[in-house]
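[1] Okay, here's the prediction I keep looking at, along with the sequence it came from:
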Amino acid sequence: PGLHQLRMSSDTLRSLNVSLSTNLHTLSLCCPTLRKFEAASCMSLRSFQLDSQYIQELSLNMMPLQIVEVAAPQLRRLKLVGCKRLVDATLRCPTLNFVDICGTPLSP
């Protein structure tokens, strides 16, 4: 039971909180006006995709993410701390100036 997959497209959504969505495996957001996103304790989230024109900070810490895709021209800060299962990250974020991947293994 519970939501396993969420695919959302909205031209007006500004804030989204999916915290404690413990069964959520896939999250795909095409929300150009999204400015605030929260996803604490989403312990099943494997795939995350975001397309947003205005979000400036994104934290996906301590999640079992395998795939992260972000297209966000205003994103300045990204935190992927402790994402130990991450195997693919595609970031189209030209203004990104801070990334924290502490505890996220990197392959040669």
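    Right, received. Where do you want to start? Numbers count the residues shown, from 1 in each chain.

[2] Flag the shaky bits of the chain, pLDDT-wise.
    108 (pLDDT under 70).

[3] so where do the strands sit in it?
    Assigned by DSSP state E, the chain shows strands spanning 5-9, 15-17, 26-30, 36-38, 47-51, 57-59, 67-71, 77-79, 88-92, 98-100.

[4] wait, which of those is closest to residue 106?
    strand 88-92 (10.3 Å; Cβ to Cβ). Yep, even glycine has a C-beta here, placed from its N, CA and C like the rest.

[5] Residues touching the closest one, excluding its own?
    66, 67, 68, 69, 70, 71, 72, 73, 78, 80 (Cβ atoms under 8 Å, 6 or more residues apart in numbering).

[6] try it again with 7 Å
    67, 68, 69, 70, 71 (Cβ atoms under 7 Å, 6 or more residues apart in numbering).

[7] What's the PyMOL syntax to select whichever of those residues are buried?
    This is the PyMOL syntax for the buried subset of the contacts of strand 88-92, where burial follows 16 or more other Cβ atoms under 10 Å:
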select buried, resi 68+70
